[in-house]
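Novice: quick one: sequence and predicted model below, then my questions.
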2 protein chains.
Amino acid sequence: MNESDSSNSKRSRRGTGAITLRDVAKLAGVAPITASRAVNTPDQVSPDVLKKVQEAITKTGYVPNRMAGGLASSRSRLIAAVVPTMLGSVFLEMVESLNNALFASGYQLMLGQSGYSPEHEDALLDAIIGRRPDGIFLTGVMHSGKGRTKLLASGIPVVETWDLTPTPIDMLIGFSHAKIGQEVAEFLLRKGYKRMALIRADDERAERRARAFQEVLAKQGLREAFVVNVGTSRSILGGREALVSVMQHAPDVDAIFCSSDLLALGAITEAGARGIRVPQQIAIMGFGDVPFLESVIPALTTVRINGAEMGRTAATYLIARAQGQAVEQPIVDLGFSIVQRDSA
Amino acid sequence: MNESDSSNSKRSRRGTGAITLRDVAKLAGVAPITASRAVNTPDQVSPDVLKKVQEAITKTGYVPNRMAGGLASSRSRLIAAVVPTMLGSVFLEMVESLNNALFASGYQLMLGQSGYSPEHEDALLDAIIGRRPDGIFLTGVMHSGKGRTKLLASGIPVVETWDLTPTPIDMLIGFSHAKIGQEVAEFLLRKGYKRMALIRADDERAERRARAFQEVLAKQGLREAFVVNVGTSRSILGGREALVSVMQHAPDVDAIFCSSDLLALGAITEAGARGIRVPQQIAIMGFGDVPFLESVIPALTTVRINGAEMGRTAATYLIARAQGQAVEQPIVDLGFSIVQRDSA
DNA sequence: TTGAAAGCGCTAACAA
DNA sequence: TTGTTAGCGCTTTCAA
C-alpha cells in the first residue's frame, strides 16, 4: 500500500495498462521529463542518466506513445498523401519514394484515396485534417473551393503535384500537361505522322494533354485526332478495346498517343493480334514511363515523368516546413522528357 | 477582460490556436462533453442541442482532433499495413481494397514498407506500435522472433496474410504456397509438359512454391526444373533476361512457371522476340492474376489470388477486433485457383 | 543538468 | 439528457 499503488482513487480511468514514460522514469529513478529528454534529446542529459533510462527502456520494452507526444507538442510526425488510385501504376514509384524518404526522417505516411464522389473527397479531407498531419501531399491540384478553403484554414503545409497551376494552395511540384500534349504532337509530326488518334482515360490531366495535342494539329491544318475515352479502364484490356474502336472509326490512323503506358501496351497488343505492325503501320506512344514496362516489344516510346524525384522532393519540402524552415523554391516545374524507343 | 480571456495565466501554453471542441461548446452554449456527444453519439443528445452544436461547428469550421480523441479513448482509429513493396503490383489490389474498406468504417490506413534490413523492420515496427494503431496488417507472416514478441507485447490485433503458418501471431488470412507449387506442377504434367523451368523472384513464398513444384517432379521421376532466380528485378525485363538464361542452359524446356505475372509477361515477350511460340513450343504460367495484365496475348495462364477479398476480409477482422468483438474464424485459408487461359 | 507544474484536446466515469 | 471532474501520456514552460 505505498505510493506506487494508484488503485485507490475513486474515479481513476487507468489507461491501457501499457508501459508509459512514467514507468520507465520510475525504474530509472528520474523524473518523467528527464526520461523524455533521454529519449528525444539525449545530449541534454548526463551519460549516467542516459544509461539508466536506456536500461529501463530495454527492460520494460517501452515504446513511446506518439499520439500523446503529438498532442503535447502539436507535431504529429505524420504526413498524409492523397492518391486517386494505385492501380494505374503511374503513381507507384512516387508513393514508394515518398514513403521511403519520409520514413528515413522519422515520419509516417497516411494514405488516402480520392477519385470518388465529392462527398468522399470532403470526408477524406476531414479525416486527414483531423489527424493533424505535419504535411499533406496531394496527387494533382485541389480544384474544389471547399477543399482549398479547408486546407488553407488548417494551416497545414500542402504540396500539390503532377500539374502546374498559377494558384497553388501552398507548394507545387509538377509539370505542364499542355506542354506535353504539344511536344508529343510536334514529335509525331516531325516523324512524319499525319493522321492521329488519342486513347485516353477519363481524367482531367489527360484531357489537358489531349487539348494541346489537338491544337497543334489544328494549327498545322491537319485533321483532328480521333479520340477514344476509355473511362476508368486504364488496363491492357482498355487499350485493346480502344484500338479496336480506332480501327473501326478511323482505320487510316498512323499514330496514337495514349494517356498511360498500360493503355499503350494494350494498343500494341491488339495491334499485334490484328497483324498491324508497330511502328511501321501505326506508331504508338505511352505516358508515364512506368519502369517495369520499359522492356516490352516494341519498346515503348513514351513520356517520362520522374515520379521518384517528385516523391523525394515533396518529402523534403514537407519535412522542411514541418520543422519550421522555409522552402526557397516552393513551386517547381519538374519537366518531362520524351523517351524515344521503338514504338514510335 | 472577461472569463473568455485566458491570457492572464502565467505558464499558459496555448495550443496551436485552432478551433477546439471547447470553442464549439462555448458558442453553442453547452458543456464540452455535450458537444463531444453531439459529434460522436448524436442520438444521446436532444435535437435542440444537436442543432446548436452543428451550427457552431459549421460556423467555426471545427475539425475534431483525433490525436486528442485517440489519446483519451485509447482508440486511434488507425490501422497500420506493412507491405514489402508496391512496385511488383501483386499487392496493389489488396492494399486498395483494404484502404477502401477501412475508410468506409472511419479508419485511416498507415502504410509502412518492409523488405529492407532487419534493423529497418525493427524500426518500422516501433514506429507503428508507437502510433497505437487499432490493428496491424502484415503482408506475409512475421518470422523474426523479436518482431513477434514486440507485436504480441503490444496487444494490438494483427492479421498476417499471403501465407499459412501453424503459429500465427493472431489472425491469419492466407493460402498454401506449397499447394500452389504442387498443383501447378500437376497441372502442367497433366497437359503433357515434362521439361520444366522456374523463373522466380527472391522471396520466401516463391521459394516455397518452387520447392513443392520440384517435389512433384521428383516423385514422377522427372528432371528437376531449371531455376532462374531474378533477385529483385520483378519487371518485364527481369522476365526477359530470365528466359534468355533458360534458353541458354536448358533449351529443351517446354514449360515455365514464373513467380509473378509480370515475369511471365517478360518471358512471353522474349519468347516472341525469339520466334518461340507460346504455348506451342513453351508454355508459360504466371502468378497473381494481376487484373490489368489479364488481356495480354497470349492470355496468361496463371494462379489467381484474390487480393481484393484478402484486403476486405482483413479490414473486417481488424475492425471487429478493434471494437472488442471476437472473430469466429480468425484463421482462413483463402485458397487460390489456376486460371487456364492461353499461355499454357 | 534536472525537476515541478501545467496543459495539449479530448473522452470515461460518475453524478445529477 | 446534461454536466463535473479527472485523466489519457506526453512535452512545454519556468525554476532551481
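Specialist: On my side now, so go ahead.

Novice: residues contacting A:T301?
Specialist: Contact analysis of A:T301 by C-beta atoms under 8 Å, 6 or more residues apart in numbering or on different chains lists A:P279, A:A283, A:I284, A:M285, A:G286, A:I338, A:V339, A:Q340, A:R341, A:D342, A:S343, A:A344. C-beta coordinates here come from the backbone N, C-alpha and C atoms, glycine included.

Novice: which PyMOL command selects the buried ones in those residues?
Specialist: Selection command for PyMOL covering only the buried members of those, criterion 16 or more other C-beta atoms under 10 Å in any protein chain shown:
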select buried, chain A and resi 279+283+284+285+286+338+341+343+344
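
Novice: quick one: which of the contacts of A:T301 sit in strands?
Specialist: Within these, residues falling in strands by DSSP state E are A:A283, A:I284, A:M285, A:I338, A:V339.

Novice: return the member of these nearest to A:S46.
Specialist: A:V339 (58.0 Å; C-beta to C-beta).

Novice: quick one: pLDDT of that closest one?
Specialist: With respect to pLDDT, A:V339 scores 96.

Novice: how much space separates A:E119 from chain B?
Specialist: Relative to chain B, A:E119 is positioned 12 Å away (C-beta to the nearest C-beta, to the nearest Å).

Novice: count of residues packed around that residue?
Specialist: Other residues near A:E119 number 8, with proximity taken as other C-beta atoms under 10 Å in any protein chain shown.

Novice: tell me if it really is in a helix.
Specialist: Yes. Using DSSP: H, G, I helix; E, B strand; the rest coil, the assignment for A:E119 is a helix.

Novice: ok, it to B:V158 distance?
Specialist: 33 Å (C-beta to C-beta, to the nearest Å).

Novice: cool, A:D122 as well?
Specialist: A:D122 is 32 Å from B:V158, by C-beta to C-beta.

Novice: so which of the two has more stuff around it?
Specialist: Using other C-beta under 10 Å, the more surrounded residue of A:D122 and B:V158 is B:V158, with 23 against 14.

Novice: and the more buried one, what does it touch?
Specialist: B:G135, B:I136, B:F137, B:L138, B:M142, B:L151, B:I169, B:D170, B:M171.

Novice: ok, and the most crowded of those residues?
Specialist: B:F137 (31 neighbours).

Novice: what about the host helix or strand of that residue and chain A, touching?
Specialist: Per DSSP states H and E, B:F137 falls inside strand B:135-138. No. If you take C-beta under 8 Å from any C-beta of the partner chain as the test, strand B:135-138 misses chain A, and the best it gets is 12.2 Å.

Novice: neighbouring strands of that strand in the sheet, and parallel or not?
Specialist: strand B:78-83 (parallel), strand B:158-161 (parallel) (DSSP bridges).

Novice: which one of the ones you listed lies nearest to A:R321?
Specialist: strand B:78-83 (23.0 Å).

Novice: low pLDDT regions in chain A?
Specialist: A:1-15 (pLDDT under 70).

Novice: for the helix or strand encompassing A:R240, buried residues please.
Specialist: Under the criterion of DSSP H and E, A:R240 resides in helix A:236-249. For helix A:236-249, a neighbour-count test (16+ other C-beta under 10 Å) marks A:I236, A:L237, A:G238, A:G239, A:R240, A:E241, A:A242, A:L243, A:S245, A:V246, A:M247 as buried.

Novice: go ahead and confirm A:L124 touches A:S114.
Specialist: Yes. Using C-beta atoms under 8 Å, A:L124 makes contact with A:S114 at a distance of 6.1 Å.

Novice: so what's in contact with these two at the same time?
Specialist: A:V82.

Novice: what sits against A:N100?
Specialist: A:N100 neighbours (C-beta under 8 Å, 6+ apart): A:G311, B:Q113.

Novice: just the element for it, please.
Specialist: Residue-wise, A:N100 maps onto helix A:92-104 under DSSP H and E.

Novice: give me the next element, helix or strand, following that helix.
Specialist: Using DSSP H and E, the helix or strand that follows helix A:92-104 in sequence is strand A:108-113.

Novice: ok now that following strand, how far from the chain's centre?
Specialist: 10 Å (C-alpha atoms, centre = their mean, to the nearest Å).

Novice: can you give me the buried ones in it?
Specialist: A:Q108, A:L109, A:M110, A:L111, A:G112, A:Q113.

Novice: and if you look at stretch A:311-331?
Specialist: A:311-322, A:327, A:330.

Novice: now these as TSV including distance to A:T41?
Specialist: Shown next, in TSV, are the buried residues of stretch A:311-331 (distance: C-beta to C-beta, whole Å):
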residue	distance to A:T41
A:G311	30
A:R312	27
A:T313	29
A:A314	28
A:A315	23
A:T316	23
A:Y317	25
A:L318	23
A:I319	18
A:A320	20
A:R321	22
A:A322	17
A:V327	25
A:P330	29
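
Novice: of all the ones in strands among the contacts of A:T301, which comes closest to DNA strand D?
Specialist: A:V339 (47.0 Å; C-beta to the nearest atom of the strand).

Novice: and that closest one, how far is that from B:D43?
Specialist: 59 Å.

Novice: and A:L263, what element?
Specialist: Applying DSSP H and E, one finds A:L263 within helix A:261-273.

Novice: got the angle for that helix vs helix B:261-273?
Specialist: Per axes from the mean of the first three to the mean of the last three C-alpha atoms, to 10 degrees, the angle that helix A:261-273 makes with helix B:261-273 is 40 degrees.

Novice: helix A:261-273 near chain B at all?
Specialist: Yes. Shown here: helix A:261-273 in contact with chain B (C-beta under 8 Å from any C-beta) through A:L262, A:G266, A:T269, A:G272, A:A273.

Novice: contacting residues around the first one?
Specialist: When contacts are counted by C-beta under 8 Å, 6+ apart, A:L262 is found next to A:G88, A:S89, A:R234, A:S235, A:I236, A:G238, A:G239, A:G286, A:V290, A:L293, B:F292.

Novice: make it 7 Å
Specialist: Contacts for A:L262 (C-beta atoms under 7 Å, 6 or more residues apart in numbering or on different chains) come out as A:G88, A:S89, A:R234, A:S235, A:I236, A:G239, B:F292.
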